[in-house]
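Asks: could you look at this predicted model? Sequence included:
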Amino acid sequence: MNVKERLIQGLSEAGCSKETAKRIGALYEAGSYDEVLHQMKVQRCVLIDEMHESQRKVDRMDFLIRNQEKQMK
């Protein structure tokens, strides 16, 4: 497996769509390394946003659980 293929596989495993991983792989192959890093950082921000949204959902669920427990007492 060459560097481009490993990059695409790693991006896919990190949660990037196949299209995004292939696009970044194509940028790598074209030698646009600064743009590769930029796009990887953009994808990292997307993952952070998803993580924050998941945390908000967990926090909301915790709130609902506490309220339900209070009502049951």
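Replies: That came through, no problem. What you are looking at is a predicted structure, and each value in this text was computed from that prediction instead of being measured. Numbering: from 1, shown residues only.
Asks: run through the strands of the protein in chain order.
Replies: Secondary structure of the chain, counting by DSSP state E: no strands present.
Asks: now do the residue most central in space within it, the pLDDT please.
Replies: Against the mean C-alpha coordinate of the chain, by CA atoms, centre = their mean, the closest residue is Leu47 at 2.8 Å. Leu47 carries a pLDDT value of 96.
Asks: hey, which helix is longest across the protein?
Replies: helix 33-72 (DSSP state H).
Asks: now find how far off-centre that one is within its chain.
Replies: Computed by CA atoms, centre = their mean, to the nearest Å, the separation of helix 33-72 from the middle of its chain amounts to 10 Å.
Asks: what's the answer for stretch 24-34, then?
Replies: Stretch 24-34 sits 20 Å away from the centroid of its parent chain (CA atoms, centre = their mean).
Asks: returning to what we had before: please report the distance of the residue nearest to the centre of the chain from Thr20.
Replies: Applying CB to CB, to the nearest Å, the value for Leu47 to Thr20 is 12 Å. C-beta: built from backbone N, CA, C; applies to glycine.
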